[in-house]
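> Next input, structure requested:
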Amino acid sequence: MTVVSAVPRPPRRIPRPPRRIPWPAPVALAYAVAQLALVVPHLGLGWDETVYVSQVDPGRPAAYFSAPRSRGISLLAAPVLAVTHSTTVLRVVLALLSAAALYAAYRVWQPLLGRACTALAALLFASLWTTVLYGPQAMPNLWVALSAVAAVGWFLRAVHLHERRRALLGLGAMVAAATCFRFSDGVWLALPLLTACAIVPAWRRPAPALAVAGGFAMGGAEWIAEAYVRWGGVGARLHLSSATEGGMGARWAGGMAWRSLNGPLLCRPCHVPLTHPELTLWWLALPALALIACAVAPRARHGAATVLPAACAAALSIPYLLLIDYSAPRFLLPAYALLALPLAVLAAHGAQAIRPPRVRALAIGLTAVLLALHLSAQYEVLDRNAAEARVTADRYRTAAHDLRGLGLTPPCLVSGRHAPPIGYDNGCASANVGGNNRDTTAHTLLRRAAREPTAALARTRSGPPHYARTWIPHPLPGTGLTAYIRPPLQPPV
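From the prediction side, this is the model:
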């Protein structure tokens, strides 16, 4: 009898499914490249940026921090400033961080909308010139926008996909981040989320509401504590914030937002005419497209994922469209980031609704052409506004260099409307006796001027400030400013 030994067969290899490409990742990579190529090499620190970074720069005196501001962006920049004073290094780090944050914020939505739709939403937001320009800047608006996108996504994952612990932690953390970057925007983000918890029967559970409220409390704790330490309470700080903003009240600012859509970067007072109206058509169509997306969302089975971000975008737009009398293109970045989601859903639903393959291909091609035109228009506006910002920053640096040549070296004091950026570049403290950022009196400034080198900056055509009429004028060529230097050994008036 022959015994045949069984030879074991090698185990069959189970083919692995192909790894899916995380489509928001290429969008984030392209966003980082656009910042590093178009913005980072050419842009110095702006007026508001010097206020934020001076709070945590160990080598510079802190500029006056007004009541409406929040310290989130200062905390974000603090680790970089602890190592280097290089503006370029700060820009590069913020560009990479903002690209990573863009990916992380929209990646939250992938289980809700799918990969392609999520990537399209990220592309729509990342392609705006304001998104590219403010990515590497130490300004809070973009970070509020990305925090809001992630917060709304985690909220829907908590109430729809029942990802209890992870989603609730993400929700609380993102509401806290948005509030830390800008306290007032945290209020307008939390309100629609809490309202949704109250009016939607399926969402009436304590956990999401507690996550939103807890995140807001955690993110606003520093702002509230500072309100009591510096201004005597939250009410007093809110009152002063309103005064700093020019008196907040019911008014229509949508026209100013439209006229300043392509610049200037700050429209205050906002009497500029509309330039290149053909480049603003997308902005005029945005509300109509968002309403259409909300109307067709139930058919696409994305009702909540479309209506809730649109509602949060509307809430975050209220203070900038209905309560202030000036505008800046960056103010509506949170609204744009959230509205990109329903627009992506609308585009996906439209593509699925077209049945004939030829017609669908034609529609996709037409959409690609429109997107290419939109990108070229956004690049044109970006290039123009980046150049204007660069000219302004160069003017500040030139004035600081000239002041050093006049003997104004630290410790020193610079006063006037343009004192914060010029004083920061020169290593001097800054002060202002008038305007929205008034932080001292003329008497106090003169007493301080008796102890350290002091310059009062004013436009050349406007003459000296009243407290510097006897000071020596020194025109600063190329800046449009004149520095009035206090003579040595002059007794204070």
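
> Tyr103 reaches Pro26, doesn't it?
No. Counting by CB atoms under 8 Å, Tyr103 sits too far from Pro26 to count as a contact (9.6 Å). (C-beta placed from N, C-alpha, C; glycine too.)

> Run through the helices of the stretch 351-493 of the chain in chain order.
357-405, 419-426, 442-449 (DSSP state H, counting those that start in this stretch).

> The ones you listed: which one's closest to Val229?
Set against Val229 and scored by CB to CB, the helices of the stretch 351-493 of the chain come closest in helix 442-449, at 20.2 Å.

> rewinding a little: who has more neighbours out of Tyr103 and Pro26?
Between Tyr103 and Pro26, Tyr103 has the larger neighbour count (other CB atoms under 10 Å), namely 21 against 14.

> returning to what we had before: so can I have CSV of the helices of the stretch 351-493 of the chain showing mean neighbour count?
As requested, the helices of the stretch 351-493 of the chain are arranged in CSV below (neighbours: other CB atoms under 10 Å):
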stretch, mean neighbour count
helix 357-405, 15
helix 419-426, 27
helix 442-449, 16
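
> Include distance to Ser147 and mean pLDDT when you put those into CSV, please.
Shown next, in CSV, are those (distance: least, CB to CB, whole Å; pLDDT from 0 to 100):
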stretch, distance to Ser147, mean pLDDT
helix 357-405, 23, 90
helix 419-426, 26, 95
helix 442-449, 38, 94
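
> can I get these in TSV with distance to Pro206?
Shown next, in TSV, are the helices of the stretch 351-493 of the chain (distance: least, CB to CB, whole Å):
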stretch	distance to Pro206
helix 357-405	43
helix 419-426	45
helix 442-449	51
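
> Out of those helices, flag the one nearest Glu49.
Counting by CB to CB, Glu49 lies closest to helix 419-426 out of the helices of the stretch 351-493 of the chain; the figure is 8.0 Å.

> between the closest one and helix 357-405, how many degrees?
Counting by axes from the mean of the first three to the mean of the last three CA atoms, to 10 degrees, helix 419-426 lies at 70 degrees to helix 357-405.

> contacts for helix 419-426?
Counting by CB atoms under 8 Å, 6 or more residues apart in numbering, the neighbours of helix 419-426 from elsewhere in the structure are 45-47, 49-51, 53-54, 57, 60-61, 63-64, 393, 396-397, 399-400, 403-404, 408-410, 412-414, 428-432, 437, 457.

> Just the C-alpha atoms of that helix, please, in CSV.
Backbone C-alpha positions of helix 419-426 (Å, rounded to 0.1, in the frame of the first residue of the first chain) are rendered in CSV as follows:
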residue,chain,number,x,y,z
ALA,A,419,2.3,103.5,15.4
PRO,A,420,1.7,99.7,16.0
PRO,A,421,3.3,98.3,12.8
ILE,A,422,6.1,100.9,12.6
GLY,A,423,6.8,100.7,16.3
TYR,A,424,6.9,96.9,16.0
ASP,A,425,9.4,97.0,13.1
ASN,A,426,11.6,99.4,15.1
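
> Give me the helices and strands touching the helix or strand hosting Ala285, please.
Here Ala285 sits within helix 281-296, counting by DSSP states H and E. Helix 281-296 sits against helix 303-318, helix 333-353, with contacts defined as 3 or more CB pairs under 8 Å, 6 or more residues apart in numbering; DSSP states H and E.

> The nearest residue to Leu81 once chain neighbours are set aside: what's it in contact with?
Spatially, and ignoring its direct neighbours in sequence, Leu81 is nearest to Asp57 (4.8 Å; CB to CB, 6 or more residues apart in numbering). With contact taken as CB under 8 Å, 6+ apart, Asp57 is in contact with 81, 85, 424.
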